[in-house]
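K.L.:
Structure of the sequence below:
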Amino acid sequence: MKQPIVGYHKDEEDDWVAELVCDHFQHVRHNPPWFCRPWVITLEGRKSMLGFELNCKKCDEGAPRDKG
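P.N.:
Numbers count the residues shown, from 1 in each chain. As a prediction, this is how the structure comes out:
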């Protein structure tokens with residue numbers, strides 16, 4: 001299920017995590033060639049992706065919320 005990004009935080013390993021409107025979290029790493037997301041590196045890039053919809057597998061699986 002597609003869910004918009006509403007914020008970000010870093011995890012304990014210093015990787016960026018997207019906070020989705022559904023209250024699930026999803027890593028958004030830039031680790032080429034496996035994950036190519038150069039927008040995650042800068043504040044401007046992350047801001048530009050607010051509202052962008054990511055496929056939330058946790059919603060598809062009926063997983064409990066990560067937040068709250």
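K.L.:
and L20, how many residues sit next to it?
P.N.:
L20 has 24 neighbours, counted by other Cβ atoms under 10 Å. (C-beta placed from N, C-alpha, C; glycine too.)
K.L.:
err, M1, not the other one
P.N.:
For M1, the neighbour count with other Cβ under 10 Å is 14.
K.L.:
any idea which residue sits dead centre in this structure?
P.N.:
A18 (2.4 Å; Cα atoms, centre = their mean).
K.L.:
Mind listing the strands the strand or helix carrying that one pairs with, and their directions?
P.N.:
Element membership of A18, judged by DSSP states H and E, is strand 16-20. In the sheet, strand 16-20 lines up against strand 2-10 (antiparallel), strand 25-27 (antiparallel) (DSSP bridges).
K.L.:
hmm, who's touching that strand?
P.N.:
3-11, 25-29, 40, 46, 54, 56, 67 (Cβ atoms under 8 Å, 6 or more residues apart in numbering).
K.L.:
do stretch 46-54 as well
P.N.:
2-8, 16, 18, 20, 26, 28, 39-40.
K.L.:
Tell me how far that stretch lies from the chain's centre.
P.N.:
9 Å (Cα atoms, centre = their mean, to the nearest Å).
K.L.:
can you tell me the distance between the two ends of it?
P.N.:
13 Å (Cα to Cα, to the nearest Å).
K.L.:
could you give me the average pLDDT of that stretch?
P.N.:
Averaged over stretch 46-54, pLDDT sits at 97.
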